[in-house]
Each structure stands twice: as structure tokens, then as C-alpha cells.
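Participant: Sequence and predicted structure below; questions after.
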Amino acid sequence: MRKLKKLPLEALAPFTLPTLPWDAPPTPIVWTELFGNDHPVEVEIGFGKGLFLTTEAARRPEVNFFGVEIVRKYQLYAATRLATRGLTNVRVACGDGRAILRDRVAPGSVRAVHVYFPDPWWKARHRKRRVFTPEFCLTVGRVLPPGGRLLIATDVELYFRVMTQIVRDTGPAFADLPPPPPTEARHDFDYLTNFERKFRKEGRPIYRAAYERTTAALPETPAPDPGLSGEFIEFRAAE
Ligand SMILES: C[S@@+](CC[C@H](N)C(=O)[O-])C[C@H]1O[C@@H](n2cnc3c(N)ncnc32)[C@H](O)[C@@H]1O
């Protein structure tokens, strides 16, 4: 991990969410209280080292960004980046993004959800760690108002097929949008995320999709997970 000048936890505190009392009955985060303004909110799940949050927060100061990352050292790394650049329109939480989105984000309260390069978790015994599942997709559909956006990117073609299938299985609640084109990368920080930089530099294809939440109702229950289908397993076997 690229070394950043260490900052004391007190310096990071304004950028991080204090550990929430996760055992208490979950209550939604009040964005206006968290950010001190009523700007629109965008969420990134699994932000890693936080390149997307840092770049976008600087580029769009009129938007609030909320990131959730399950690994504490990445939360602190991203918070250090944000504190160093004084990006007060971002807060980063440490926890399971699936649960935080489900339990702590009010319906229709965020303008976009970004999921970039989620781990595919190939092994059957790790599959329950996969972020992008039919349940997750329903949660995304719930937190986005009509017109809200879901953006995804991955280097794993099959996981891309699985994710896009999951969105399609959600029915008319999501409409396809043209995915944003790749950024022009003149500098190491011009990439979408750290993983995007790594894979583009390696010349690997990147698969991207974008969706708009429509006014259509979400299904009551999630569709079966296509990630559990024979095709998925066969693909791995053929690799
Ligand atoms: C392959 S990395 C991609 C990081 C970043 N999005 C990028 O593109 O550079 C996947 C990230 O998702 C995080 N992650 C995995 N499961 C998660 C979960 N349930 N909630 C939040 N973050 C999660 C991992 O810790 C890791 O940082």
C-alpha cells in the first residue's frame, strides 16, 4: 500500500463514521446531520483505498459521498487521503456495506450507488461474502429514488454477466443507461479506482454498466442468484 503520512485518529474523526452501535435497533443515518447540509448523497460500497471518493469529492463539491468498506485499514487509509485534502463532503464507514445499506440508509435517500471491482469470491465456501447479490440489488433499488443511478465496473467478465443478470432479474425497476466512458488517464490519479488503474495498466478489459432507477415497483422477493447456476461453476472449471 502506498505510504501516506500518518495522521492521528482525531484528525481522521471528521471524515469517519464512529463505530455505530450495530447491536441496537438500526436507525437510518440522517444525511443532513451527518454532512451538515442537504446536498445529494452518493454511496460507494467497498471503496478500497478510496481513489474514487477522493477524486469525485474534489471534482463535485456540491455532492456528499458516503463510503462503506469492510476493512478497517482501508477506511483509515481513505480517511487519511480525505483529511490531507480537506474533503469535508465525504464520510467513510467501516462495516459490511450490504448491511449498512440495508439497515442504515433510508428509502429513496441517495442519488447514486457505486460498486467498483467487487471481489468475485470464487470459492463456494466464500460465496456468502459476495456483495452483489439479488438481495443487495433490491436494497439498492430501495435506497435510490426514481432517477437515481447504479454504477458498476469489474474486470471479471463472468461476474459482470452475473451482476447484469441480477439487475435484469429485478425487472423494470432498473433501466439501462450508457455506462460512463473510461477516464482519460494522463496521471496515476486519473483512474476511476485503484483497481481500475491496475487492470487498465495491465491491458485487461473492464466491463461497465449503469442503470437508472425507474418508477416501477421492486419485486417483493429477490430472484434466484444466477451466481449459483451451473454456468457459473462450469466457467470456473473451464478456466
Ligand atoms: C477488489 S477490491 C476493490 C476496491 C475498490 N473499489 C477499487 O476498485 O479499487 C474490493 C473491496 O471491497 C471490500 N469489501 C468486500 N466485501 C465488502 C463488504 N461486504 N462491505 C464493504 N466492503 C467490502 C474489500 O475489502 C475491498 O476493499
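Facilitator: Nice, I can see it.
Participant: how about the helices in this protein?
Facilitator: Applying DSSP state H to the chain gives helices spanning 9-12, 31-35, 51-59, 72-85, 97-104, 134-143, 157-169, 194-201, 230-238.
Participant: hey, which of those helices is tucked in deepest?
Facilitator: Here the criterion is mean neighbour count by mean count of other Cβ atoms under 10 Å, and of the helices of the chain the winner is helix 134-143, at a mean of 22. Backbone N, C-alpha and C define where each C-beta goes, glycine included.
Participant: circling back to that earlier point, got the helices of the chain as JSON lines, with mean pLDDT and distance to residue 42 columns?
Facilitator: Converted to JSON lines, the helices of the chain look like this (pLDDT from 0 to 100; distance: least, Cβ to Cβ, whole Å):
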{"stretch": "helix 9-12", "mean pLDDT": "86", "distance to residue 42": "21"}
{"stretch": "helix 31-35", "mean pLDDT": "94", "distance to residue 42": "11"}
{"stretch": "helix 51-59", "mean pLDDT": "96", "distance to residue 42": "8"}
{"stretch": "helix 72-85", "mean pLDDT": "94", "distance to residue 42": "15"}
{"stretch": "helix 97-104", "mean pLDDT": "94", "distance to residue 42": "12"}
{"stretch": "helix 134-143", "mean pLDDT": "97", "distance to residue 42": "11"}
{"stretch": "helix 157-169", "mean pLDDT": "92", "distance to residue 42": "18"}
{"stretch": "helix 194-201", "mean pLDDT": "91", "distance to residue 42": "17"}
{"stretch": "helix 230-238", "mean pLDDT": "56", "distance to residue 42": "30"}
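Participant: so which of those gets nearest residue 120?
Facilitator: Across those, residue 120 has its closest neighbour in helix 157-169 (4.4 Å, Cβ to Cβ).
Participant: could the helices of the chain go into JSON lines alongside distance to residue 117?
Facilitator: JSON lines is the format used below for the helices of the chain (distance: least, Cβ to Cβ, whole Å):
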{"stretch": "helix 9-12", "distance to residue 117": "24"}
{"stretch": "helix 31-35", "distance to residue 117": "26"}
{"stretch": "helix 51-59", "distance to residue 117": "10"}
{"stretch": "helix 72-85", "distance to residue 117": "13"}
{"stretch": "helix 97-104", "distance to residue 117": "13"}
{"stretch": "helix 134-143", "distance to residue 117": "15"}
{"stretch": "helix 157-169", "distance to residue 117": "9"}
{"stretch": "helix 194-201", "distance to residue 117": "4"}
{"stretch": "helix 230-238", "distance to residue 117": "18"}
